[in-house]
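J.: attaching a predicted model along with its sequence, questions to come.
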Amino acid sequence: MTGYNNEDIIRYADGEMDATEAARFEATMQQDPALAAALRHYREVKAILAQRLPPDAQLDALKATLKQQRSRYFNTPSKVVSIRKYLIGAAAAAAILIAVLVIRHSPEKDFLQQYSTTMEVSAERGNNNDTLLLRAASLFNHKAYTQAVSLLDSCLQTDSTNAQALYYRGLAGIYTTSPAQGIADLEKTFAGESVFKYDAAFYLAVHYAQRHQTDSAASWINKIPAEAAAYEKAQTLKKQLK
Amino acid sequence: MAIHPDQRYLEGLLKNDTLIVQEIYQRFSGRIKHFILQHQGTEDDAADIFQESLIDIYNQAKHKQLQLTCPFEPFLLLICKRKWLNDIKKRGRQPVTKKLDDVYDVGEDVFAAAEQTIQEESRTAFIMSQFERLGEKCREILRLTLTGEAQEKIAATLGVTYGYLRKKKSECMATLLSYVQAQNF
């Protein structure tokens, strides 16, 4: 960079050179690619600082939302540790409680009831399938499983790749009196790669546990890896099978 | 090229739309978790990479007016994967030989959009890291002078003359520029 330093480059870029000096600078730049490159670097650095230095309230708000969702969808180590600690305590307390209940009541367990869950839907505005999903969720959450199944049927007719509809149709299905379609849906969900994969395996286990088909239940539990969200409850169910 | 309907995810990130962010996690986090766990990472790594990638996309949408002409899912997942493979490299672990598009048959448009986001955001991160190397006074001066506020007012706030502020700002920028040039990123 013949004869010019970074401060000269900055003075040129910021329009602080007089016309003669600026013309000389431009003439040199024509001959000196390193000077031209340095000018590009300066403009880039300045533009990036101007974008990223001012506080961004929107970004801060987004980061808070991301943090919230992160704890819902990922088991981070600190969370796992605290949950495990809690579970050990809770398991001890539950063991005592179960012992008391076993003595007092019939040992018949209602796994479907124990592990009943709610259907969560995040609406994607406007589209007809989303409306159907929301209505299905409402029915599902009021335990109107047969009606939920029929709405989810309609969803899947429009969009057969909707993993959420398939999983919940399966889940609702095993709560009805004719669970065959539900089992098929959950098996199909498990065979896929959606986020519902291991939850599907878990509810297949619950279904078989309910029917006292302990081997089938155990085999579905064993398909759930330790890192899956359903792992802890699957292990609890496994203990209950014994 | 036509804007893809999945542009709504970018709009959701820009507006911090909780439902959209939740949908992004619900629909896409499982896959990336699976990928990172299969490639020497932990669930915590996966959560970090997922979060950082969404912030990169936000920044590209906000500052570079990124508009999606391809579907969001492969675009996001490719960014996550690239970020993770870069992290592995930085940690000095065995390079991963598995192809990036093993899960997705990524189209050229997806690849180009993801590549641009990754390049620009890592360049920005590099420049910001060089900025952090400056002394406290320099950082304060640059922060204030780049907000668009009148320079005379800033000089008054800092209790210095306008001439001194200009000179100091130029010195600080020159130092920063020399840091950036020396690293040859």
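T.: Here it is on my side, so go on. Numbering: from 1, shown residues only, chains lettered A, B, ... in the order given.
J.: can you name the residues in contact with the helix or strand of chain B with the lowest mean pLDDT?
T.: When each helix and strand of chain B is scored by mean pLDDT, DSSP states H and E, helix B:151-158 comes last, with a mean of 87. By Cβ atoms under 8 Å, 6 or more residues apart in numbering or on different chains, the residues outside helix B:151-158 that reach it are B:140-141, B:144-145, B:161-162, B:164-166. Placement of C-beta: from N, CA and C, glycine included.
J.: show me chain B divided up by domain.
T.: Following automatic domain parsing, one finds the domains of chain B at B:7-129, B:134-183.
J.: now find how far off-centre the least confident helix or strand of chain B is within its chain.
T.: 31 Å (Cα atoms, centre = their mean, to the nearest Å).
J.: who are the packing partners of the following helix or strand past that helix?
T.: Downstream of helix B:151-158, the first helix or strand assigned by DSSP states H and E is helix B:162-183. If you count contacts as 3 or more Cβ pairs under 8 Å, 6 or more residues apart in numbering or on different chains; DSSP states H and E, helix B:162-183 packs onto helix A:6-13, helix A:33-52, helix B:108-132, helix B:136-145, helix B:151-158.
J.: give the buried residues for helix B:162-183.
T.: Using 16 or more other Cβ atoms under 10 Å in any protein chain shown as the test for burial, helix B:162-183 gives B:165-166, B:168-170, B:172-177, B:180-181.
J.: quick one: contacts of it?
T.: Residues outside helix B:162-183 that contact it (Cβ under 8 Å, 6+ apart) are A:5-7, A:9-11, A:14, A:38, A:41-42, A:45-46, B:126-127, B:130-131, B:133-134, B:137-138, B:141-142, B:145, B:151-152, B:154-155, B:158, B:160.
J.: what does stretch A:167-180 give?
T.: A:112, A:116-117, A:119, A:136-137, A:140, A:143, A:145-146, A:148-149, A:152-153, A:156, A:181-189, A:194, A:196, A:199-200, A:203-204, A:206-207.
J.: if you average the pLDDT over it, what comes out?
T.: Mean per-residue pLDDT for stretch A:167-180: 89.
J.: what residue in chain B is the furthest from its centre?
T.: B:T161 (36.2 Å; Cα atoms, centre = their mean).
J.: can you pull the contacts of that residue?
T.: B:T161 makes contact with B:A155, according to Cβ under 8 Å, 6+ apart.
J.: re earlier: quick one: the least confident helix or strand of chain B to helix B:162-183, angle?
T.: Angle, helix B:151-158 to helix B:162-183, by axes from the mean of the first three to the mean of the last three Cα atoms, to 10 degrees: 90 degrees.
J.: much appreciated, bye for now.
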